[in-house]
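Novice: One predicted model, sequence on top.
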Amino acid sequence: MAVVDPNRTWEMLENRLAVTTGERHRVVLGIVLEHMKAEAEPNLDRLMATLSPTPNYHFWNGGEDVGPEGYDGVRTYYVNFLETRTNVLEFTLDRLVVDDHCVVTEGYLKQIYPGSYAARSGIPVDDESADYLVVHRQLILWPVDENGLVQGEDSYSSGPVSVTKLSFDELPQEYIDLVHPSSDRATRS
């Protein structure tokens, strides 16, 4: 069984949207849901279409804001993010809050990191050729503008709460297809 299921990322939003009757709350939930699904696909054009023309991201980690700003900065961030191959993830939500201008999500972000990328990121790993499940506690504020577009993400992360080396059998198919070409399968199984 795979250790992450990207579909769980938006499960709570879909459930809330199904019972939400307020039009503006439906718009706010809907655009964040679309953003999450576009990121998971990954479809860069679809993802960027969910953003306001001047998005600003604030990624707070260790007291520093390391988020990208402006349309070009955010687009470059997503291009680089997709290149890291850490976009096969599950954000298991414990809390979801919505109002007319913002969605707040809180839970455990589970990402699979190629060992080499984890090491470059400062995450302690003992085998750079292995794959690792990296879990963070994370809270994200998703401000939404008057046109129903995401203005950015204000993200607060605990840093890794766990780092676990994975066996090939634990990897989801999306990750295998992305990171381990079919020629690697015989040597990894």
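Specialist: Thanks, I have the structure now.
Novice: following the longest helix seen in the chain, which helix or strand comes up?
Specialist: Ordering each helix of the chain by length in residues (DSSP state H) puts helix 23-40 first. Helices and strands here follow DSSP states H and E; after helix 23-40, the next one along the chain is helix 44-48.
Novice: Give me the residues contacting that following helix.
Specialist: For helix 44-48, contacts defined as C-beta atoms under 8 Å, 6 or more residues apart in numbering pick out 34, 35, 38, 39, 41, 71, 74, 75, 78, 79, 82. Every residue, glycine included, has its C-beta placed from N, CA and C.
Novice: could you pull out the strands for this protein?
Specialist: Using DSSP state E, the strands assigned to the chain run over residues 58-61, 64-65, 89-98, 102-114, 131-143, 154-166.
Novice: Reformat these as JSON lines; add mean pLDDT, distance to residue 11 and mean neighbour count.
Specialist: Below are the strands of the chain laid out as JSON lines (pLDDT from 0 to 100; distance: least, C-beta to C-beta, whole Å; neighbours: other C-beta atoms under 10 Å):
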{"stretch": "strand 58-61", "mean pLDDT": "90", "distance to residue 11": "24", "mean neighbour count": "15"}
{"stretch": "strand 64-65", "mean pLDDT": "90", "distance to residue 11": "29", "mean neighbour count": "10"}
{"stretch": "strand 89-98", "mean pLDDT": "96", "distance to residue 11": "8", "mean neighbour count": "17"}
{"stretch": "strand 102-114", "mean pLDDT": "96", "distance to residue 11": "11", "mean neighbour count": "21"}
{"stretch": "strand 131-143", "mean pLDDT": "96", "distance to residue 11": "16", "mean neighbour count": "20"}
{"stretch": "strand 154-166", "mean pLDDT": "94", "distance to residue 11": "20", "mean neighbour count": "15"}
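Novice: export these to a markdown table and tack on distance to residue 16?
Specialist: Converted to a markdown table, the strands of the chain look like this (distance: least, C-beta to C-beta, whole Å):
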| stretch | distance to residue 16 |
| --- | --- |
| strand 58-61 | 24 |
| strand 64-65 | 29 |
| strand 89-98 | 6 |
| strand 102-114 | 9 |
| strand 131-143 | 13 |
| strand 154-166 | 20 |
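Novice: Which one, of the ones you listed, ends up nearest to residue 177?
Specialist: Nearest to residue 177, of all these, is strand 102-114, at 12.5 Å by C-beta to C-beta.
Novice: Can I get the longest helix of the chain in PDB, CA atoms only?
Specialist: C-alpha atoms of helix 23-40 as PDB (Å, rounded to 0.1, in the frame of the first residue of the first chain):
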ATOM      1  CA  GLU A  23     -22.000  31.500  -2.800                       C
ATOM      2  CA  ARG A  24     -18.900  33.300  -1.800                       C
ATOM      3  CA  HIS A  25     -17.700  30.400   0.500                       C
ATOM      4  CA  ARG A  26     -18.300  28.100  -2.500                       C
ATOM      5  CA  VAL A  27     -16.100  30.300  -4.700                       C
ATOM      6  CA  VAL A  28     -13.300  30.500  -2.100                       C
ATOM      7  CA  LEU A  29     -13.400  26.700  -1.400                       C
ATOM      8  CA  GLY A  30     -13.600  25.900  -5.100                       C
ATOM      9  CA  ILE A  31     -10.600  27.900  -6.200                       C
ATOM     10  CA  VAL A  32      -8.400  26.400  -3.500                       C
ATOM     11  CA  LEU A  33      -9.700  22.900  -4.400                       C
ATOM     12  CA  GLU A  34      -8.800  23.600  -8.100                       C
ATOM     13  CA  HIS A  35      -5.300  24.800  -7.100                       C
ATOM     14  CA  MET A  36      -4.600  21.700  -5.100                       C
ATOM     15  CA  LYS A  37      -5.700  19.400  -7.900                       C
ATOM     16  CA  ALA A  38      -3.800  21.300 -10.500                       C
ATOM     17  CA  GLU A  39      -0.600  21.100  -8.400                       C
ATOM     18  CA  ALA A  40      -1.100  17.300  -8.000                       C
END
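Novice: Many thanks, we can stop here.
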